[in-house]
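starting from these lines, generate the structure:
(one chain, ligands or ions: 1)
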Amino acid sequence: MIELLLRYFPHLTETQQQQFAQLQALYAEWNSKINVISRKDIDNLYERHVLHSLAIAKIISFRPGTTVMDIGTGGGFPGVPLAILFPEVQFHLIDSIGKKIKVATEVSTAIGLKNITFRHCRGQEEKTKFDFVVSRAVMPLGDLVKIVRKNISPKQGNALPNGLICLKGGELEHEILPFKQDVTVYDLSDYFTEEFFETKKGVYLPLHN
Ligand SMILES: C[S@@+](CC[C@H](N)C(=O)[O-])C[C@H]1O[C@@H](n2cnc3c(N)ncnc32)[C@H](O)[C@@H]1O
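Numbering: from 1, shown residues only. Prediction:
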């Protein structure tokens, strides 16, 4: 299924291809012990979890040296696929459920990722600043903004101003209404042709303290 990733990210190095290829067996094994993705989805890992996570890379290509926090990463999405794709970017993955962050940690150690740290905590407790915060399917945008505004660094270094990038599905209109002046919504079907992405969106909101 690495072919699927190569279709959309044709410049993956040998190392990246090997790291992505190892994810199937690792997640199958860990998911049988600790449920981090729905059991029926394990066969669709590359489309529904890995490629979905990498949609963030279609929105922004993080510059080397950028720092990114993934809040509510669960088993490591979108943080683990992004850390493979951007080896010169530093990722920090947090989740309030310890056994989920254990899966993310074990998978990332097994594939030899060096640009990633983990913390078992709630977003409210994490005080470190980052250039960007990313998340998939964690909480409504308004709640997320309240928690992560404190985590956004004022020092800019990317093509987009620092802020929050979330992966979301379904009806968003209500959720983004309070941020409509600043928010950008990306249709993931503009990047990926698989049916799964028809209703999927990326939401970018620049944030400052
Ligand atoms: C639906 S899961 C999504 C997991 C992962 N992002 C994914 O897409 O597979 C939501 C995750 O957010 C975590 N979470 C919810 N509220 C949180 C908070 N305040 N701080 C940190 N993690 C939180 C939960 O523990 C859970 O693992």
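
could you use CA atoms for every contact and neighbour count after this?
Fine.

kindly report the residues of this protein close to the ligand.
Residues of the chain found near the ligand (C-alpha under 6 Å from any ligand atom) are 71-74, 77, 94-97, 122-123, 135-138.

so residue 31, which of the three states?
Three-state call for residue 31 (DSSP: H, G, I helix; E, B strand; the rest coil): helix.

find the nearest non-adjacent residue to it, please.
residue 37 (6.9 Å; C-alpha to C-alpha, 6 or more residues apart in numbering).

same check on residue 178?
residue 142 (7.9 Å).

host element of the one you found?
Secondary structure from DSSP states H and E places residue 142 in helix 141-148.

what about residue 205, which SS state?
Assigned by three-state DSSP, the conformation of residue 205 is strand.

just give me the neighbour total for it.
23 (other C-alpha atoms under 10 Å).

and if you look at residue 17?
Here the count is done by other C-alpha under 10 Å, and residue 17 has 17 residues near it.

and the residues of the chain next to the ligand, which of them are in strands?
Using DSSP state E, the subset of the residues of the chain next to the ligand located in strands is 71, 94-95, 135-136.

show me where this protein has helices.
For the chain, helices defined by DSSP state H occupy the ranges 2-8, 14-33, 52-59, 79-85, 98-110, 141-148, 173-176.

buried residues, the last one. List them.
Neighbour-count burial for helix 173-176, counted by 16 or more other C-alpha atoms under 10 Å, picks out residue 176.

elements contacting that helix?
With contacts defined as 3 or more C-alpha pairs under 8 Å, 6 or more residues apart in numbering; DSSP states H and E, helix 173-176 has these neighbours: helix 141-148.

and the helix it packs on, what does it pack against?
Short answer (3+ C-alpha pairs under 8 Å, 6+ apart): helix 141-148 packs on helix 173-176.

gap between the helix it packs on and the chain center?
Here helix 173-176 is found 21 Å from its chain centre; the criterion is C-alpha atoms, centre = their mean, to the nearest Å.

now do stretch 14-32
With C-alpha atoms, centre = their mean as the basis, stretch 14-32 stands 16 Å off its chain's centre.

same question for the helix holding residue 142, mean pLDDT?
The pLDDT scores in helix 141-148 average 97.

next: stretch 175-195.
The pLDDT scores in stretch 175-195 average 96.

quote the end-to-end distance of that stretch.
End-to-end distance for stretch 175-195: 24 Å, by C-alpha to C-alpha, to the nearest Å.

tell me which residues in that stretch are buried?
For stretch 175-195, a neighbour-count test (16+ other C-alpha under 10 Å) marks 176, 183, 185-189, 192 as buried.

what of stretch 100-113?
100-105, 107-108, 111, 113.

CA atoms of it as CSV?
What follows is stretch 100-113, C-alpha atoms only, in CSV (Å, rounded to 0.1, in the frame of the first residue of the first chain):
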residue,chain,number,x,y,z
LYS,A,100,-2.8,5.3,23.7
ILE,A,101,0.3,7.4,23.9
LYS,A,102,2.1,4.1,24.6
VAL,A,103,1.1,2.7,21.2
ALA,A,104,2.3,5.9,19.5
THR,A,105,5.6,5.7,21.4
GLU,A,106,6.2,2.0,20.6
VAL,A,107,5.4,2.4,16.9
SER,A,108,7.7,5.4,16.6
THR,A,109,10.6,3.7,18.4
ALA,A,110,10.2,0.6,16.3
ILE,A,111,10.6,2.6,13.1
GLY,A,112,13.5,4.6,14.5
LEU,A,113,12.0,8.1,14.5
